[in-house]
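**Student:** Provided below are the primary sequence and the corresponding predicted coordinates.
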Amino acid sequence: RKFVYFFGNEDTDGKNSMKDLLGGKGANLAEMANLGIPVPPGFTITTEVCVLYLEKGAYPDGVLDQINDAIENLERVNGKKFGDIENPLLLSVRSGARVSMPGMMDTVLNLGLNDDTVEGLARKTGNERFAYDSYRRFLTMFGDVVLGIKHEEFESAIEAKKKQLCVNLDTQLNIDALKELVEEFKGIIRKNTGKDFPQVPREQLQMAIDAVFNSWNNQRAITYRKLNNIPRDWGTAVNVQSMVYGNMGETSGTGVAFTRDPATGKKVFFGEYLINAQGEDVVAGTRTPQSIETLKQTMPDAYAQLVEIYQKLENHFKDMQDIEFTIEEGKLYMLQTRNGKRTAAAALNIAVDMVNEGLIDKETALMRLRPEQIDQLLHPMIDPESEYKIVATGLPASPGAAVGKVVFTAEHAEEMAALNKKVILVRTETSPEDIGGMNAAQGILTVRGGMTSHAAVVARGMGKPCVAGCDALSIDIHEKVFTIGDFIIREGEYISIDGAKGCVIMGEVDLITPGVTGELETLLTWADEVRKMKVRSNADTPHDALVAREFGAEGIGLCRTEHMFFGDDRIPVVREMILAEDEDLRKKALNKLLPMQRGDFIGLFRVMEGYPVTIRLLDPPLHEFLPKHEELAAKLRDLEATVSQTGIGERGNLKRLMERVESLTEINPMLGHRGCRLGITYPDIYEMQVRAIVEAACELKLEGIDIVPEIMIPLICHVNELKSVKQHVVNIVEAVLKEKDVRMDYLVGTMIELPRAALTADQIAHEAEFFSFGTNDLTQTTFGFSRDDAGKFLPFYVSDSILENDPFAVLDQEGVGELVRIGIEKGRSTKPDLKIGICGEHGGEPSSVKFGYRIGLDYVSCSPFRVPIARLAAAQAVL
Ligand code: ADP
Ligand code: MG
Ligand code: MG
C-alpha cells in the first residue's frame, strides 16, 4: 500500500481532493505543485499511518522503506544530501490534519542540523550567522515539540543573552552569542531528558515524525477537536519538506497573508511579514510584523510574484485563501494555502461578492456560511447613540462588541462562565492552552500580536470579539490589575471591547443588535428561492411576531397562550378563575379574561397579515399561576404576628389559598394535570380561549384580513382525548361564527409530543387537521429526562461523550427523530396531505432543520432570532 506521497513540481503524487489521506496541508501543497507554483519539494506520510501507529504503537510494514525512498528522491531533486557534512539537506516536519487546526500541532524546522552539518551549512552558504541561527531554532523546536521541554526554558536563555549583550531583538544576536546559545540549549536538553541531543539526522527525523503523530492526542488537540466536532479517528498526516530559509538576511523573510480581509471580507490583499525571520516568528508576537503593502517597496519582484500567485490560488480554489510564504534571498516559495478562516461577516460578504464576480454560483454561496454563523451577524454591537470613553486602541482582530468583567487567566474565565458570569479575557498573548478560556469569555483582549496572531485567528474562528496587540496596556498578573496610562483596572471590574474598531472601553457600554439587511438580506433571499420547507416562528406577543416577520417568518408555528396569562393585569384574574369555588364564579373570571385574550389575538393576527398562526390552548399545570406555598406560609407567619381584626379575615383567605395551592401541587407536574387534560377537566377554560380566537379572527375579517386560525390542542396521547376536545372546540367555533354571521376556514390540530401519540399517529390523524411536533416535550418523555432537572447530569453526559449533544438543543435523530419520522409516516398514511411542522428549540438548530427536511416536514418553527438561521439551513438541506 502507498503510505508516502511525494510533492515537487515534476513528480507530485497527490492532489487537492485527497485531503482525507494527505491532510489539508499536504493535499494543498501537492495541488500548488501541480499548478506550477514554487513549493519546496517534500513528501506526505498519510493519516492512515497515524491511525495505525497510534492504535498499534508501531508503523505498518513498508512505511519506513517508502520514507527512505522519498528522502532519496528529495536528495536528488535538491542536489543535497540529508546528513551530509558538505552540503546538508535540511527538512521541516509539519503536521496537517484534514481540517486546519491552528496552533494545535507543532512544526519542527531545520531538522538535520548537528554539530557537523551546521559547519557545512555555514561553509556552503558563506553565512555562519544564518547557520547558527538555524541551529539554535532547531534545538528549541526539537526540544519543545519532540522532547517536551518547556519553551520558556529556551526563551529565558535567549532573553538572558539579549540582556547580557544589551540588544532587543533576536536578529541582533551575533555569531558568538548564537554559538553560545547552541551550547546552552544542548545543556538544557541534557538536563531535562538525561540524554544528549540526538546528533544523527535519521534519528531526529524519526523522533519528529513520531512526535507529530503523538501530538494528535495531546490535550490541546483534544480540546480543539471537541469544540469543533472533529472525530478522533481522522488522524493527522505528517509533511516532511525541504527547508527554504527566510532567515538568510535582509533579502529574506517570511509571512502570512489572506487573499481578502478575514475580518470584514473586503477584497483587499491582507497580510504581514518579517524580514530575516523564520517560521512562526510572524505569529508568535515576539517581533511586530510589517504590513504586506510595504513588501511592494522592500522586495518588488517577490511581491509581484506573490500577487500573481494569490490570485491564481483564489481563482483555482474559488475561495478566500490563507497563505504562508517564505522569501529566500529574493526568491519566493509558497509553504501553505488553505481556505481562510473568517468571521461571519467576512464569510457573508465574500460569498455574495464572489457570486457577483462570477467566481461561484448562488448555491455555492449558500453553502459558504454555516447557518449558526448568522447568529453572530445579528449579535450585539456598540450602540452608536451611546456615550463611552475609549481608553486604548489595538488591532480590530475579530469584530463584535463585548462587555464583561476582567479576568487574566483562561481557567478563571472558565470558572466564571460556569457561574454564568460574563468575562473579558485579558492576556499578554494567547496560546493554544487558552482555547477553553477563550471559548468561555465574551471577548478577548491581548497586549501583543498582530492580525494573524493566535488570539486573532482563534477568536475569528469562534466568532468572539477580539482586540489584539493593544500595547498601551500593561498587565501585572501578580497584582491582578492592568494599567493603561493612568487608568488602573482590576480583576472583576467591567470593561468593554469593540473588536470591529479595535477599541477598549472602560465600564459597560450599551449594545444594540443589527437586523437582516444588506448582504445578509441578499443571501437569505437566495436561500428562500432554494428552500422547500417553510419557516415559521414561535411568538406569543405582537412584538415577538413583528420581530419574527422582520426576520422573514412565514407564520407563527406556536403561540403559547399561557404567556398571555402572566402580566400584572392578568394574573389576579387568572388566580380568581383557578380559585373559584363554583362554576358561576369561574365563569365570571373567565369572562373578564375573554376580552384580554381576544385583544392579544387581534394584535397577533394583525401583525401576521394573513400568514398562518397556530395557537396552542392552555398547556401548563394551573399551579404555575399561583404563588408558591412557601411564600404564602411566610406571609401567614407575618400576619399571625399581628392581632388586628382585619388580620383575622385575611388569615382565613390566606389559609384557603394555601389549601388550594397544596391541592394543586403535583409531585411530577410535567407528567401531571396539564395540556389537553386541563381541557377535558375544565372545558370552560378552552371554551373561553377558542371564543377569543374566533372572535378576533372575525373582527379582522371585517378589516379585510383573512385569517385561517389553527387551533392546537396540546399533549394528546390517545385519539379519544383529541376526539373529545376537538368536538368541544368545533362546537364553540361554529357557535361563534353563527353569532357573528361569518364564514371562515379554520383548522383544529394537535401537538405530537408524547411517544404514544407518535406511535398512534395514524389514529390521531383521523381527528387532526395538522400536526406539530413538540420536540421539547417529546425529548423529555422519550429520554425520560426532566428538562428542568437535566442540568444536573446532562453536562457530564456530553463531556464524557455518553451523549454526543444535549438532546434538548440538538434533536436526537435516532431516538426522538425516529419517533417524529414514524409520526409523519403514520399520520400521512391516514391523511396524505396532512400539514406537519415542528416547534420547539430544534426548529432553529441547523442539523435538526436539515433532518426535518429529509423526513418530510412542511415547516419548522423557532424563536424569532433563529428564523434567519433556519432559512439558510432549510436551503442547505435542499442543496
Ligand atoms: P502550522 O500548521 O502551525 O501553520 P506549519 O507546518 O505551517 O505549521 O509551519 C509553520 C511555519 O513554519 C510555516 O508557516 C513556515 O513559515 C515555516 N515552515 C514550514 N515548513 C517550512 C519549510 N520547508 N521551509 C521554510 N519554512 C517552513
Ligand atoms: Mg503552529
Ligand atoms: Mg501553517
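**Tutor:** Now that the structure is in, tell me what you want to look at. Bear in mind the structure is a predicted one, so any value in this text is a computation, not a measurement. Ligands and ions are numbered 1, 2, ... in the order given.
**Student:** quick one: contacts of the host helix or strand of Arg460?
**Tutor:** Following DSSP states H and E, one finds Arg460 within helix 454-462. With C-beta atoms under 8 Å, 6 or more residues apart in numbering as the contact definition, helix 454-462 has outside contacts at 102-103, 262-263, 283, 285, 341-343, 395, 397-398, 427, 429-432, 435, 438-439, 443-444, 446, 449-450, 465-466, 468, 499. In this view, the C-beta of every residue, glycine as well, is placed from N, C-alpha and C.
**Student:** relative to Glu372, how far out is the most centrally placed residue in the chain?
**Tutor:** Nearest to the mean C-alpha position of the chain, counting by C-alpha atoms, centre = their mean, stands Met462 at 5.5 Å. Counting by C-beta to C-beta, to the nearest Å, the gap from Met462 to Glu372 is 12 Å.
**Student:** how near is the closest residue to Thr223 other than its chain neighbours to Phe213?
**Tutor:** Excluding the flanking residues, the one nearest Thr223 by C-beta to C-beta, 6 or more residues apart in numbering is Ile435, at 5.5 Å. Going from Ile435 to Phe213 by C-beta to C-beta gives 21 Å.
**Student:** okay, and which of the contacts of helix 454-462 map to helices?
**Tutor:** 283, 435, 438-439 (DSSP state H).
**Student:** near ligand 3, which residues of the chain show up?
**Tutor:** Proximity of the chain to ligand 3, by C-beta under 5 Å from the ion, involves residues 324, 336.
**Student:** the worst-scoring helix or strand of the chain on mean pLDDT packs against which elements?
**Tutor:** Lowest on mean pLDDT, DSSP states H and E among the helices and strands of the chain sits helix 281-284, with a mean of 74. If contacts are counted by 3 or more C-beta pairs under 8 Å, 6 or more residues apart in numbering; DSSP states H and E, helix 281-284 sits against strand 253-258, strand 270-275.
**Student:** deepest of these, which one?
**Tutor:** strand 253-258 (a mean of 25; mean count of other C-beta atoms under 10 Å).
**Student:** which other helices and strands does that one contact?
**Tutor:** strand 270-275, helix 281-284, strand 321-328.
**Student:** again, only this time at 6 Å
**Tutor:** Strand 253-258 is packed against strand 270-275, strand 321-328, with contacts defined by 3 or more C-beta pairs under 6 Å, 6 or more residues apart in numbering; DSSP states H and E.
**Student:** what's the closest of the ones you listed to ligand 1?
**Tutor:** strand 321-328 (3.7 Å; C-beta to the nearest ligand atom).
**Student:** please look at the residue nearest to Thr223 and Ile222 and confirm they touch.
**Tutor:** No. Using C-beta atoms under 6 Å, Ile435 makes no contact with Ile222, being 10.5 Å away.
**Student:** quick one: secondary structure of Thr44?
**Tutor:** Secondary structure, DSSP: H, G, I helix; E, B strand; the rest coil: Thr44 is strand.
**Student:** how about the strands in the stretch 751-879 of the chain?
**Tutor:** With DSSP state E, counting those that start in this stretch applied, the stretch 751-879 of the chain shows strands at 770-774, 835-839, 859-862, listed in chain order.
**Student:** now the shortest one: mean pLDDT?
**Tutor:** Spelled out, it's strand 859-862. Strand 859-862 shows a mean pLDDT of 96 in the predicted model.
**Student:** partners of it in the sheet?
**Tutor:** With DSSP bridges as the test, strand 859-862 is paired with strand 534-538 (parallel), strand 835-839 (parallel).
**Student:** state the distance from Arg368 to ligand 3.
**Tutor:** 22 Å (C-beta to the ion, to the nearest Å).
**Student:** can you list the weak-confidence ranges in the stretch 551-700 of the chain?
**Tutor:** 642-648 (pLDDT under 70).
**Student:** what's the burial count for Phe783?
**Tutor:** Using other C-beta atoms under 10 Å, Phe783 has 17 neighbouring residues.
**Student:** quick check: the residue nearest to it when sequence neighbours are not counted vs Ser537, distance?
**Tutor:** What sits nearest to Phe783 in space, not counting adjacent residues and going by C-beta to C-beta, 6+ apart, is Pro807, at 6.1 Å. Per C-beta to C-beta, Pro807 is found 22 Å from Ser537.
**Student:** the more surrounded of those two?
**Tutor:** Shown here are Pro807 and Ser537; by other C-beta under 10 Å, Ser537 has more neighbours (32 against 24).
**Student:** ok, that one - contacts?
**Tutor:** 548, 553, 864, 867 (C-beta atoms under 6 Å, 6 or more residues apart in numbering).
**Student:** give the contact list for the last one.
**Tutor:** Contact analysis of Val867 by C-beta under 6 Å, 6+ apart lists 535, 537, 548, 551-553.
**Student:** same thing with the third one?
**Tutor:** Pro864 sits next to 537, 544, 547-548, 551 when contact means C-beta under 6 Å, 6+ apart.
**Student:** by neighbours, which of these wins?
**Tutor:** Ser537 (32 neighbours).
**Student:** quick check: Met354 touching Asp361?
**Tutor:** No. The criterion here is C-beta under 6 Å, and Met354 misses it with Asp361 at 9.4 Å.
**Student:** between the two, which is the more surrounded one?
**Tutor:** Between Met354 and Asp361, Met354 has the larger neighbour count (other C-beta under 10 Å), namely 22 against 11.
**Student:** am I right that that one is in a strand?
**Tutor:** No. Per three-state DSSP, Met354 lies outside any strand segment and is helix.
**Student:** any stretches of this protein with poor pLDDT?
**Tutor:** For the chain, the stretches with pLDDT under 70 are 102-105, 284-286, 461, 642-648.
**Student:** how's it carved up into domains?
**Tutor:** Listed by automatic domain parsing, the domain ranges of the chain are 253-339, 379-512, 531-621+666-878, 630-665.
**Student:** tabulate these (JSON lines), appending distance to Gly14.
**Tutor:** Output for the domains of the chain, formatted as JSON lines (distance: least, C-beta to C-beta, whole Å):
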{"stretch": "domain 253-339", "distance to Gly14": "14"}
{"stretch": "domain 379-512", "distance to Gly14": "26"}
{"stretch": "domain 531-621+666-878", "distance to Gly14": "29"}
{"stretch": "domain 630-665", "distance to Gly14": "68"}
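**Student:** okay, these in CSV with distance to ligand 1 next?
**Tutor:** What follows is the domains of the chain, written out as CSV (distance: least, C-beta to the nearest ligand atom, whole Å):
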stretch, distance to ligand 1
domain 253-339, 4
domain 379-512, 10
domain 531-621+666-878, 26
domain 630-665, 57
